[in-house]
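Participant: okay, predicted coordinates and the sequence, questions at the end:
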Amino acid sequence: MLILGVVNVTPDSFSDGGRYLAEEAAVAHGLALVVDGADIIDVGGEATNPRATPIDAAEELRRVLPVVRRLTEAGARVSIDTTKAAVATAAVAAGATLINDVSGGRFDPAMAEVVATSNATYIAGHLRGDTIEEVFAIEAHAHTLTWEDVAADLAARIAGLPADRVWVDPGLGFGKGPDPAVNLALIRDAGVLAHALGRPVVVGPSRKRFLRRLLGGEVSEAALDAASVGACLAAARAGVQAVRIHNVALLRPALTVYTRT
């Protein structure tokens, strides 16, 4: 199973906003994640949480392009975490080999053309709504969401895209709300989703709100990271092909033991 290590080049990401906004800090963190055992470094320049400030493509590119370029030059395999076709195009030209789009093309229809004309692997994320504001506005109905609903939505999003270069992500937390039951069910059924769509599945539970709700009370970052590892191991048991996590150093040894027992 592949591990995607997270590098947020943002001031307002929900867990580590501002830590790696500076280019040097972001590159150093990405290289450290490789040493910790990440297979892919997922670089993002725009936060996708309800309190984040939207930015345009120019600002997003200013944040991520130098980081993508330097990490790839250092030998890292890099994914660009973006919903914008222009950012994806430039990042692939700078060396990124994956495009991680949490909107599955909903936020920018031009993304389909980028996927079709590049050699990059595309991770199509699941959500409902055409803006991040809409996504979180419809959470009141998320308690009814099942893996079948997610599969149907994703099938429509990836229709016509190159089958050999498309992965899918059930989008934990994106429009699913903080209810642990909904999100944990999607983890348990991730293997079924993979079989139904015939695509590799990526799951990203790291530091999500549903884990905070599950643990209850005031939750430390250490406890949240431990819970994230548990969710990733559950995803491995379900049969996913990749997980996305902030604390790679904590996951890699746990995953090594888990997969050998």
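Facilitator: Done, it's in. Numbering: from 1, shown residues only.
Participant: poorly predicted segments of the stretch 51-200 of the chain, please.
Facilitator: Within the stretch 51-200 of the chain, the stretches with pLDDT under 70 are 52, 139-143.
Participant: hey, which strand is longest across this protein?
Facilitator: strand 2-8 (DSSP state E).
Participant: and the next helix or strand after it, which residues are buried?
Facilitator: Downstream of strand 2-8, the first helix or strand assigned by DSSP states H and E is helix 23-36. Going by neighbour count (16 or more other CB atoms under 10 Å), the buried part of helix 23-36 is 23, 26-27, 29-31, 33-34, 36. Heads up, the C-betas are built off the backbone N, CA and C, glycines and all.
Participant: likewise stretch 72-81?
Facilitator: For stretch 72-81, burial by neighbour count (16+ other CB under 10 Å) applies to 72, 76-81.
Participant: where's residue 217 relative to residue 50, distance?
Facilitator: 22 Å (CB to CB, to the nearest Å).
Participant: with neighbour numbers in mind, choose between those two.
Facilitator: Ranked by neighbour count (other CB atoms under 10 Å), residue 217 and residue 50 place residue 50 first, with 13 against 6.
Participant: and that one, what does it touch?
Facilitator: 132-133, 136 (CB atoms under 8 Å, 6 or more residues apart in numbering).
Participant: what helix or strand does it sit in?
Facilitator: Short version, using DSSP H and E: residue 50 is in no helix or strand.
Participant: for it, give me phi and psi.
Facilitator: phi -60, psi -20 (degrees, to the nearest 10).
Participant: of the buried residues of stretch 72-81, which is the nearest to residue 256?
Facilitator: residue 77 (19.2 Å; CB to CB).
Participant: next, count neighbours for residue 149.
Facilitator: Burial of residue 149 is recorded as 14 neighbouring residues (other CB under 10 Å).
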